[in-house]
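>>> What would the 3D arrangement of this be:
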Amino acid sequence: MCPLFYTFGFLLLVLIRHVETVTFVQSSSQIVNEGTKELEIHCSHDGSTYTVMLWYQHKQSSRSVSLIGYTVLHSEPQNEDQFKQRFLLKRENMTQGSLIIHTVNASDSAVYYCAANFSFSVKIDQPPFVFSQKGESTVTLQCKQDDNTYYYMYWYKQTSSDKMQLVTYSINKNMSSIEAPFTSSKYFMSRPEVEQFYLQPCISVNNYDPAYFGKGTKLTVLEKDRKPTPPVVKVLPPSKDECRNQKDNEKKKTLVCVAKDFYPDHVSVSWKIENGDDNIGEATDTAALRTGDSYTITSRLRVSAKTWFIPTNVFTCNVTFFDGEKYSHYTNSINGEEAPDTNDMTREKFLKLSQNGKLSYGIFIAKGCVYGAFVAFLVWKLQGSTGK
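Model (predicted):
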């Protein structure tokens, strides 16, 4: 099956064009041991007219979101082929359902999303792979869908940076348009029938039937004989050379927080400045980095140099860690520093010293002239006395 909401980019496209919203409640993060016989993730929402509930899996190592399956109220669950063995979909009523995973293994570690939709009747058929030789003049990509009431059809290109770019779209049979920066000299879209068209990654869109997603439930399956290990947190002070030779209103200082040696990667990082209200910006790694048997994550806090050079200001990094049962907080703090006395040559200092040097040199020349005139006067007097 290749249904309407197979590509996560479709969600982004539709939500920005629809005003209605649906509120979801999903199970919180789960950490279980490998071999757990049964794990259930619950989902509920407040969309009382949404007959379809869908489940998606997103692994950190993958750029795509995989459809697990869906349920239509009062109908049998429909699972994708790769999820038919151990994944069971349940539907209690219009607004409540759950995903059950049997005999959990390490490959099940992922974020699981619940979604809801009004209807679910369109199937898209597109070859998963197309191979071509370097130098070939043309490559044709095909796509079909089974509902001729879906007039708008789109082709997207996904780059290595995960960015989705609209290449072209069609509003009906034999009607298409190429989007910039793509050009008609390189890309051509053919749509001989309402249900059939050609080019690259296709999405069939009905603006009246958007899908709404929950925030997701992160599942981590612990490796064999491993137990959760909390992080070690350390805040590193700014580099002393970071804002040298810059104007006062441009000086910044960057503090770095390093949380390491934790397992698994259920962490979040936040900053707090005590006795100071300056917070220019925070930036935390999008995901923890696996190093050996543990994880490391870094976060950066940028503040003004003026805020940093106040010893009473306290900068605290807080790391929240989930061990499968409870959330714990691990912190580390450092104080600001005294502003250093620096002899660095700035432009202002150079100009001031130059002006002082010019003034001193002028005074020296003036004194030299006066002294020379005085000596000449004495010599003239002595010559006059000798002549008499």
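
>>> ends of stretch 270-286, how far apart?
Stretch 270-286 has an end-to-end distance of 13 Å (criterion: Cα to Cα, to the nearest Å).

>>> Let me see the mean pLDDT of that stretch.
Across stretch 270-286, the average pLDDT comes to 81.

>>> Please apply the same query to stretch 156-167.
When pLDDT is averaged along stretch 156-167, the result is 69.

>>> so E38 makes contact with K90?
No. Judged on Cβ atoms under 8 Å, E38 makes no contact with K90 at a distance of 11.9 Å. The C-beta positions use only the backbone N, C-alpha and C, and glycine is treated the same way.

>>> ok, these two, which is more surrounded?
K90 (15 against 12; other Cβ atoms under 10 Å).

>>> Spell out which helix or strand contains that one, please.
When secondary structure is defined by DSSP states H and E, K90 falls within strand 87-91.

>>> and what of V375?
Under the criterion DSSP H and E, the helix or strand holding V375 is helix 347-387.

>>> And the pLDDT for S98?
96.

>>> what sits up against the helix or strand hosting it?
Taking DSSP H and E as the criterion, the element that holds S98 is strand 96-102. By Cβ atoms under 8 Å, 6 or more residues apart in numbering, the surrounding residues in contact with strand 96-102 are 37-44, 53, 55, 68, 71, 86-92, 108, 112, 114, 219.

>>> rerun that using 7 Å as the cut-off
Counting by Cβ atoms under 7 Å, 6 or more residues apart in numbering, strand 96-102 makes contact with 37-44, 53, 55, 68, 71, 86-91, 108, 112, all of which sit outside it.

>>> Count residues in the vicinity of the closest residue to T312 other than its chain neighbours, would you?
Using Cβ to Cβ, 6 or more residues apart in numbering and skipping residues adjacent in sequence, the residue nearest T312 is N275, 5.1 Å away. By the criterion of other Cβ under 10 Å, N275 has 12 neighbours.

>>> again, but for N33
For N33, the neighbour count with other Cβ under 10 Å is 14.

>>> looking at it, it is touching L222, isn't it?
Yes. Counting by Cβ atoms under 7 Å, N33 sits close enough to L222 to count as a contact (5.2 Å).

>>> Against A376, how distant is Q82?
Using Cβ to Cβ, to the nearest Å, one gets 107 Å for the distance from Q82 to A376.

>>> Over to T331?
T331 sits at a distance of 80 Å from A376 (criterion: Cβ to Cβ).

>>> Can you tell me the SS state at the spatially most central residue of the chain?
Computing the C-alpha centroid of the chain and ranking residues by Cα atoms, centre = their mean puts T286 first, at 5.3 Å. Following DSSP: H, G, I helix; E, B strand; the rest coil, the label given to T286 is coil.

>>> Flag the shaky bits of the stretch 151-300 of the chain, pLDDT-wise.
Using pLDDT under 70 as the threshold, the predicted model of the stretch 151-300 of the chain has low-confidence ranges 151, 159-163, 171-176, 185, 188-210, 243-250, 276-280.

>>> cutoff 50 now
194-208, 245, 247-248 (pLDDT under 50).

>>> just the strands in it please.
In the stretch 151-300 of the chain, the strands defined using DSSP state E, counting those that start in this stretch lie at 153-158, 164-172, 175-178, 190-193, 196-198, 202-204, 212-213, 217-222, 232-236, 252-262, 267-274, 281-284, 289-291, 294-304.

>>> Quick check: which of these is buried the most?
Mean neighbour counts were taken over those using mean count of other Cβ atoms under 10 Å, and the top value, a mean of 24, falls to strand 202-204.

>>> Strand partners (parallel or antiparallel) of the strand holding K90?
strand 96-102 (antiparallel) (DSSP bridges).

>>> Dump the strand it pairs with to CSV, keeping only the CA atoms.
Output of strand 96-102 as CSV, limited to C-alpha atoms (Å, rounded to 0.1, in the frame of the first residue of the first chain):
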residue,chain,number,x,y,z
GLN,A,96,-8.7,6.7,20.8
GLY,A,97,-6.3,4.1,19.5
SER,A,98,-3.0,2.4,20.2
LEU,A,99,0.0,0.8,18.6
ILE,A,100,1.2,-2.5,20.1
ILE,A,101,4.7,-4.0,19.4
HIS,A,102,5.3,-7.6,20.2
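
>>> Please enumerate residues in contact with stretch 257-273?
By Cβ under 7 Å, 6+ apart, the residues outside stretch 257-273 that reach it are 29, 31, 218, 220, 222, 226, 228-236, 279, 282, 284, 288, 293-299, 301, 313, 315-322.

>>> Contacts only, for E282.
Taking Cβ under 7 Å, 6+ apart, we find E282 in contact with W271, S299, L301.

>>> Identify the bridge partners of the closest residue to M153 other than its chain neighbours.
The shortest distance from M153 to any residue that is not its chain neighbour, by Cβ to Cβ, 6+ apart, is 5.0 Å, and that residue is S170. In this structure, S170 has the following beta-bridge partners (DSSP bridges): M153, S176.

>>> and if you look at I31?
Note on I31: beta-bridge partners T220, judged by DSSP bridges.

>>> Measure how buried it is and give me the count.
With other Cβ under 10 Å as criterion, I31 counts 17.

>>> Who does the strand or helix carrying S328 pair with, and is each partner parallel or antiparallel?
Under the assignment given by DSSP H and E, the secondary-structure element containing S328 is strand 327-335. For strand 327-335, the paired strands and their directions (DSSP bridges) read strand 314-322 (antiparallel).

>>> Next, the buried residues of the partner strand.
By neighbour count on 16 or more other Cβ atoms under 10 Å, the buried set for strand 314-322 is F315, T316, C317, N318, V319, F321, F322.
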